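Colleague: Dropping a prediction and its sequence here:
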Amino acid sequence: MTLGTGARFEVRAAIPLWLRLVFPLDMRVAIAGAGLAGLACAKYLCDAGHTPIVLEGRDVLGGKVAAWQDEDGDWYETGLHIFFGAYRNMRQLFAELNIEDRLQWKSHSMIFNQRENPGSYSRFDFPDIPAPFNGVAAILGNNDMLSWPEKIAFAKGLIPAMLRGQPYVEECDRYSWTEWLRLHNIPERVNDEVFIAMAKALNFIDPDEISSTVVLTALNRFLQESDGSKMAFLDGNPPQRLCQPIVDSITARGGEVHLDAPLREIELNADGTVSGFRIGGIKGQESRTIQADAT
Ligand SMILES: Cc1cc2nc3c(=O)[nH]c(=O)nc-3n(C[C@H](O)[C@H](O)[C@H](O)COP(=O)(O)OP(=O)(O)OC[C@H]3O[C@@H](n4cnc5c(N)ncnc54)[C@H](O)[C@@H]3O)c2cc1C
């Protein structure tokens, strides 16, 4: 299935490489994958005057945010997708597409189901004051999940991340999150209560597997940015409500987005330069080779 305009690869390929390197404007760029990264990349290449060709192997836009409609017309999604306030680039993309109103912002709270008391919830409420004070107030204000000694140990543990920022956060890559908690004398119970959920949400793995860099990066953004931990949900299914406007922005400017077009092989010339991109070969289609200036 083709969503874009017709191909002009052969014409471009006829332009000598040296000319395209000297005058790199309007490069044709092949992008594998119509997930959010591939589509956003294509949109920004259009903004910069280039012509992206997005090749998606599946028959649906969105990659991990793909969704499908059942016979009753209901949508089912890969999972719940949260957009955090800290996602500056993603919010910028929504603004540029003029679809900011599709993000439905929730009150600034993190609410945890309490394992030992199903149906009851523990809240971290962020007051409307600047960071990091709103995050500190949210942590200090929660008495269900964290005792006072735990809050103090946790706050002390986060001070280097707040003061030294990303270099410290990256140094911590040598520890799993469970190890980081142990180093800071924070009991494993806090892991069970708070961080199993957070580690799984971040990377689908447990706190003893996830690098503490991943968790600290998120926590640090939440602490440094007043609205960093604020959450929004899209007002509908991502392929239609988010991916399609990106596709429209791409195709309106001559870019292309092809579904059912898996990139099979980057074909090389004898000298190692790229001769073409072999795609397709599924659902009864012949496989074909296209040209582009870059991938
Ligand atoms: C259940 C679930 C819940 C999530 N919840 C959240 C959340 O709440 N908040 C959050 O920020 N993130 C969340 N994520 C993560 C987020 O969805 C992903 O990080 C993001 O969508 C990844 O986008 P991507 O474009 O990098 O990769 P992908 O979405 O994986 O896109 C890659 C695309 O490339 C295609 N592809 C691969 N190989 C080829 C090839 N050779 N040729 C052509 N196409 C190819 C794939 O089919 C796919 O469409 C969640 C993910 C899942 C699965």
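Modeller: Received it, and whenever you're ready, just let me know what you need.

Colleague: Run through the bridge partners of the residue in the stretch 151-295 of the chain that the ligand sits nearest to.
Modeller: Residue nearest to the ligand within the stretch 151-295 of the chain (C-beta to the nearest ligand atom): Leu263, separated by 3.7 Å. C-beta here means a position set from N, CA and C on the backbone, and glycine is covered the same way. For Leu263, the beta-bridge partners under DSSP bridges are Ile279.

Colleague: my guess is it contacts Gly38, does it?
Modeller: No: applying C-beta atoms under 8 Å, one finds Leu263 not in contact with Gly38, separated by 10.7 Å.

Colleague: so is Ser275 in a helix, a strand, or just coil?
Modeller: strand (DSSP: H, G, I helix; E, B strand; the rest coil).

Colleague: Report how many residues lie close to it.
Modeller: Neighbour count for Ser275, taken as other C-beta atoms under 10 Å: 14.

Colleague: residues in contact with it?
Modeller: Counting by C-beta atoms under 8 Å, 6 or more residues apart in numbering, Ser275 makes contact with 267-269, 291.

Colleague: possible to save those residues as JSON lines with secondary structure?
Modeller: Below are the contacts of Ser275 laid out as JSON lines (three-state DSSP):
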{"residue": "Glu267", "secondary structure": "strand"}
{"residue": "Leu268", "secondary structure": "strand"}
{"residue": "Asn269", "secondary structure": "coil"}
{"residue": "Gln291", "secondary structure": "coil"}
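
Colleague: Contact residues of the stretch 151-295 of the chain facing the ligand?
Modeller: Applying C-beta under 6 Å from any ligand atom, we find that the stretch 151-295 of the chain lies next to the ligand at 262-263.

Colleague: the strands in the stretch 151-295 of the chain, which residues?
Modeller: 231-234, 256-258, 263-268, 274-280, 287-290 (DSSP state E, counting those that start in this stretch).

Colleague: Let me know which of those is tucked in deepest.
Modeller: With neighbours defined as mean count of other C-beta atoms under 10 Å, the strands of the stretch 151-295 of the chain peak in mean count at strand 256-258, which reaches a mean of 24.

Colleague: elements contacting it?
Modeller: Identification of packing neighbours for strand 256-258 by 3 or more C-beta pairs under 8 Å, 6 or more residues apart in numbering; DSSP states H and E yields strand 51-55, helix 244-251.

Colleague: again, only using 10 Å
Modeller: Packing partners of strand 256-258 (3 or more C-beta pairs under 10 Å, 6 or more residues apart in numbering; DSSP states H and E): strand 28-32, helix 36-47, strand 51-55, helix 244-251.

Colleague: can you tell which of these is closest to Ala153?
Modeller: Closest to Ala153 of these is helix 36-47 (C-beta to C-beta; 37.1 Å).

Colleague: Just the angle for the closest one relative to strand 28-32, thanks.
Modeller: Orientation note: helix 36-47 sits at an angle of 170 degrees relative to strand 28-32 (axes from the mean of the first three to the mean of the last three C-alpha atoms, to 10 degrees).

Colleague: and helix 36-47, what other elements does it pack with?
Modeller: Judged by 3+ C-beta pairs under 10 Å, 6+ apart, the packing partners of helix 36-47 are strand 28-32, strand 51-55, helix 88-96, helix 244-251, strand 256-258.

Colleague: which parts of it are buried?
Modeller: Residues of helix 36-47 classed as buried under the neighbour-count rule (16 or more other C-beta atoms under 10 Å) are 36, 38-39, 41-43, 45-46.

Colleague: winner for burial among the helices and strands packed on helix 36-47?
Modeller: Burial of those is given as mean neighbour count (mean count of other C-beta under 10 Å); strand 51-55 ranks first at a mean of 27.

Colleague: where along the stretch 1-150 of the chain do the strands fall?
Modeller: 28-32, 51-55, 67-69, 75-77, 82-84, 103-105, 109-113, 121-125.

Colleague: Output those in CSV; the columns should cover distance to Ile159 and mean pLDDT.
Modeller: CSV is the format used below for those (distance: least, C-beta to C-beta, whole Å; pLDDT from 0 to 100):
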stretch, distance to Ile159, mean pLDDT
strand 28-32, 42, 95
strand 51-55, 44, 96
strand 67-69, 42, 96
strand 75-77, 39, 93
strand 82-84, 23, 95
strand 103-105, 30, 98
strand 109-113, 21, 88
strand 121-125, 19, 91
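
Colleague: Low-confidence ranges, this structure, go.
Modeller: 1-25 (pLDDT under 70).

Colleague: domain assignment for it?
Modeller: Per the record, the chain has its domains at 1-106+232-295, 107-229, by automatic domain parsing.
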